[in-house]
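Colleague: return atomic coordinates for the entry below.
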Amino acid sequence: MEKEKVEIKKKSNNKIQIPKKKTVIKTNHLKGNVNKNKIVKTVNKTKTSKIIHTNKNKDKKINRIKKKPEYKGKTIYIGSDHAGFKLKEKIKEWLINSNMPFLDLGNTILDKNDDYPDFAIKVSNLTSSNNSKGILVCGSGQGMCMAANKIKGIRAGIAYTVRDARLLREHNNANIMCLSGWGMSFEDSKKMIKKFLDTEFSSEPRHKRRIGKIMEI
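Modeller: Numbering: from 1, shown residues only. Down below sits the predicted model:
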């Protein structure tokens, strides 16, 4: 009987040792943790790469906007007499920095004895023949406007405000804007020129009818 008890104990001991082997469970548990970590890392990498890609696109877009010319139209013809010379030179510098195509038809030097009609005629002839836009500057803006409107195909007007510049284009389809070298600052002139160049004619029947009557005179 004692021998039998001993054998049973051994067998029972062998049975107890088997469930103690938790290698399989531990391995699965570790594998689960490893996989989970891998998933987290992958997601984080993906998110990071997306953010970087978006930032690069934004930077490229900003650069494109900075390099984009403000005016994409035809050549702008500009001219002034001695009274508008200082303002015209500042406008020229701004046009260059803004990548806007222009041609300075004079005066190219400060000459106190020059006459505004000479430059108004040059700017008006090229503006009309090339279906473009022009900017004229004299002391008050009045003399340039009178001379320019003598040329066939020209609709010139004086602007004192940004609203004037917009209405010149929107209602009157003006192709030349005249500015005062005596009474306008460069900053105000710059805003008016930009508005004049960027505004399209409304093409409303009433405006077409009225402009047609002007051109028949």
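Colleague: what's the domain layout of the protein?
Modeller: The record assigns the chain these domain ranges, following automatic domain parsing: 2-66, 76-216.
Colleague: least reliable of the ones you listed going by mean pLDDT?
Modeller: When those are compared on mean pLDDT, domain 2-66 scores lowest, with a mean of 45.
Colleague: quick check: the nearest residue to Gly153 once chain neighbours are set aside vs Ile78, distance?
Modeller: The spatial neighbour of Gly153 that comes closest, neighbours along the chain excluded (C-beta to C-beta, 6 or more residues apart in numbering), is Ser128 at 3.6 Å. Heads up, the C-betas are built off the backbone N, CA and C, glycines and all. Distance of Ser128 to Ile78, given as C-beta to C-beta, to the nearest Å: 15 Å.
Colleague: who has more neighbours, the two?
Modeller: For Ser128 versus Ile78, the count of surrounding residues by other C-beta atoms under 10 Å is larger for Ile78: 23 against 19.
Colleague: phi first, then psi, for that one.
Modeller: Dihedral angles of Ile78 (phi, psi; degrees, to the nearest 10) stand at phi -130, psi 150.
Colleague: can you report phi and psi for the closest residue to it other than its chain neighbours?
Modeller: Taking C-beta to C-beta, 6+ apart, and ignoring the residues beside it in sequence, Ile78 has Ile135 as its nearest neighbour in space, at 4.6 Å. Dihedral angles of Ile135 (phi, psi; degrees, to the nearest 10) stand at phi -130, psi 120.
Colleague: ranges for the strands of this structure?
Modeller: Assigned by DSSP state E, the chain shows strands spanning 76-80, 102-104, 133-138, 156-158, 176-180.
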